[in-house]
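In: quick one, what's the 3D model for this:
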Amino acid sequence: MDEIYLATSLIKMNYTELITQTLDYQQKAPIGFLWTVKTFVSLLGKNEMVLRLFPLLCGIGSLFLFIPVLRYFLRPIGAITGIAILALSPPLVFHAVEIKQYSTELFATILILYTYIRYHEKQAIASLLLWGLWGAIILWFSYSSVFILAGMAAGISYRSLYKKDWKMFFRQLMPFSLWLIAFAVNYLLFTHKHAESGWVILWFDFYHYFMPLPPVNAADLRWYPAALYHLIEYPLGLTWKLYTGNSVWFKVLLNTPWLPFATLFYGIWLFIREKKHRLVLLFPFLLVFLASGLKLYPLNERFWVFICPVLILFIARGTEQLAGLFQSSLVKLLLVILLIAAPIYNSIWFMIHPDEFIMHKRSFQKEALAYINDRFQQGDLVYVYWNDLPGYRFYSNTYPYTFKALEGKDYRKASVSYPDYIAHLQKDFSAFKGKKRIWLIYNNRFLTDIGDEIDQPAWYYLKDINPADRLNSYLSTLGKNENVYSSFDIKVSLITLNGQK
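Out: Modelled structure (predicted):
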């Protein structure tokens, strides 16, 4: 659904509109990303494969570019561990094939790290200017790169000041100034127009995506270990479910990713102890945590993707150090295999069962509409409930369906009760007259609209009652109602109206 929200603007808007108008459904994406995807659409056509091409190229590019970064920071066994995590983590693979900017942000972080190892010790003005130019360009493709670049600049500057290396300090101000100028121009011309969204902040806050700063109760304190566990699970993909019973102790013992936790913190400690790169790698986290505490950046699932390369560096560094405690090459190999066993297993499982790939992110809009299209008959009418209109509008604009659906209107705010809501819906249902069969398609998972108050109006969002299913039950009074298609999020009912054959 989130892909459809962004893809809608990429399909219908031109280059100028993408940077001067607000994107549909309160979507936000960097200009460089939007224009690049728009170029692919203009050249190759408007379909999912083309829309996902740039994220895919970024995902593939990340694999190749991460290799020299890993070799710079780590020994061979650590580098192998790091590239294996990046290549096999199912969530990271997923984001490399979705039409959102998260794969681009991952690539941007790796590119920043690559330019760091290339230029941070250079003193030639040409090299420093080139470093600055790279960072300035990256900022136009990735919002989150500001955390990495600002943290890196702060860490490097502090190190130069601490050593009283004034020559290096002032020379390195050249690339850092270019980064600052690029960020300021981008923000003042474009980003500030949608930098803040009251509804988005409210939504993320309601679902506890912001880090409590400071924590004021037990629930706030629980946020930290829970966020750490979910980070290891998604997007790093390093968790497993060895135990599916009800025992809390067995769950803690068998399902907790003890090895990823240990190698992560051990790797962080090793970088801190070795001093050389610690500020460059740790300062971005301080900025991210501060932004989240100020409710400027949410921390959950996809929002961690951009900083995964640094997390992988920590885990791989801890792994190689632990492996060094053993003399046997076989034991070292087993340690690495044990660490990446979960993404290996999950990758194989999803290859065998592709329909289950990151299921909670899936949507079956296209499949449901294709199902109707293949069975649509003369005299039928397709009624798209308001909560599935984004999907229908996108796909009807990209696929030649044989039907033109009736787009249901959202009467929630015009109604004061459910009976009143049904009364308003009669305006839509008047189009049923003279039809033989009604195809009802609705979203059974996403039950709100962008900008909605959470669970409002209260009469519509009753506890344990799905409002979309409630409508379907009402339509059963009009004739024979068959549930003909049901997926993770989309349902289709076929209603043969009373008195019709």
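
In: quick one: the strands in this protein?
Out: Under the criterion DSSP state E, strands of the chain are mapped to 380-384, 406-407, 437-443, 479-486, 490-497.

In: would you turn the ones you listed into a markdown table with distance to residue 269?
Out: C-beta: built from backbone N, CA, C; applies to glycine. Converted to a markdown table, the strands of the chain look like this (distance: least, Cβ to Cβ, whole Å):
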| stretch | distance to residue 269 |
| --- | --- |
| strand 380-384 | 55 |
| strand 406-407 | 57 |
| strand 437-443 | 47 |
| strand 479-486 | 50 |
| strand 490-497 | 48 |
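
In: which of these is buried the deepest?
Out: Highest mean neighbour count of those: strand 437-443, a mean of 24 (counted as mean count of other Cβ atoms under 10 Å).

In: so for that strand, mean pLDDT?
Out: Taken as a whole, strand 437-443 has a mean pLDDT of 96.

In: same question, stretch 335-346
Out: Regarding stretch 335-346, the rounded mean pLDDT is 94.

In: can you list contacts of that stretch?
Out: Stretch 335-346 is contacted by residues 77, 80-81, 84-85, 88-90, 237-240, 257, 259-260, 263, 315, 319, 322-323, 326 when judged by Cβ atoms under 8 Å, 6 or more residues apart in numbering.

In: low-confidence ranges, the stretch 151-300 of the chain, go.
Out: 193-197 (pLDDT under 70).

In: which parts of it are helices?
Out: Using DSSP state H, counting those that start in this stretch, the helices of the stretch 151-300 of the chain run over 166-189, 198-206, 218-233, 248-255, 258-274, 278-293.

In: what bits of the stretch 1-150 of the chain have low per-residue confidence?
Out: Checking the stretch 1-150 of the chain against pLDDT under 70 turns up nothing.

In: at 90 what do you get?
Out: The stretch 1-150 of the chain contains residues with pLDDT under 90 at 1, 20-22, 26, 46-47.

In: same question, the stretch 351-500 of the chain
Out: Low-confidence segments of the stretch 351-500 of the chain (pLDDT under 90): 355-356, 359-362, 397-400, 446, 449-455, 463-465, 468-469, 472, 488, 498-500.

In: in contact with residue 349, which residues?
Out: residue 356 are the contacts of residue 349 under Cβ under 8 Å, 6+ apart.

In: and stretch 392-405, how far apart are its ends?
Out: 9 Å (Cα to Cα, to the nearest Å).

In: how close does residue 186 get to residue 53?
Out: The spacing between residue 186 and residue 53, counted by Cβ to Cβ, to the nearest Å, is 24 Å.

In: so which of the strands of the chain is nearest residue 390?
Out: strand 437-443 (9.0 Å; Cβ to Cβ).

In: what packs against that closest one?
Out: In terms of contacts (3 or more Cβ pairs under 8 Å, 6 or more residues apart in numbering; DSSP states H and E), strand 437-443 is packed against helix 365-375, strand 380-384, helix 467-475, strand 490-497.

In: and the ones you listed: which comes nearest residue 447?
Out: In terms of Cβ to Cβ, the element of those nearest to residue 447 is helix 467-475, at 6.0 Å.
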